[in-house]
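> Model the structure of this input:
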Amino acid sequence: MKLAALLPVIALMAACSTINDRGPVATADAPAAIGPYSQGIRAGNLFFVSGQIPLDPASGEVRAVTVEDQTRRVMDNIGAILAANGMSMANVVSTTVYLRDLKDFTAMNGVYGSYFPANAPARATVQVSRLPRDVAVEISAVAAR
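Residues are numbered from 1 along each chain as shown. Next comes the predicted model:
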């Protein structure tokens, strides 16, 4: 087997090599968890951000109405959780976007793309029948050092 073929395996092993360095990360700059989950979990060189909905961190309420505004609030929440772990959007390697209606894809995508001007992460986008608090969008993220 050629070395080039082993590079993805080596990279994954390196990312998980410090898996004992595992723990929750929380910040008051993003909505508090409203269930048995953490805002984010550090696991070695990886950081997993729980799905964020457009809750205002100060009030815990949904203030954004349009899909664009909801996406902006979600991305700002993700950014705050990343910052609490010493990371930024530049560290994001993968996201999953949950939309209540795929007809909102273009509107969501315009805002989402502004947070990743270069080297956008891998992404899956799916339509779901319902989201918490009947919001239009939820996004989770994985980041790496």
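> what's next to the biggest helix by length in the chain, contact-wise?
Assignment by DSSP state H gives helix 67-84 as the longest helix of the chain. Helix 67-84 is contacted by residues 25-27, 29-31, 39-40, 47, 49, 52-57, 62-64, 88-89, 91-92, 104, 107-108, 110-112, 115, 135-139, 141, 143 when judged by Cβ atoms under 8 Å, 6 or more residues apart in numbering. The way it works is simple: take the backbone N, C-alpha and C, and place the C-beta from them, glycine included.
> buried ones in that helix?
Across helix 67-84, burial judged by 16 or more other Cβ atoms under 10 Å covers 67-82, 84.
> Stretch 20-31 now?
Neighbour-count burial for stretch 20-31, counted by 16+ other Cβ under 10 Å, picks out 25, 27, 30-31.
> Straight-line length of that stretch, end to end?
Stretch 20-31 stretches 27 Å from its first residue to its last (Cα to Cα, to the nearest Å).
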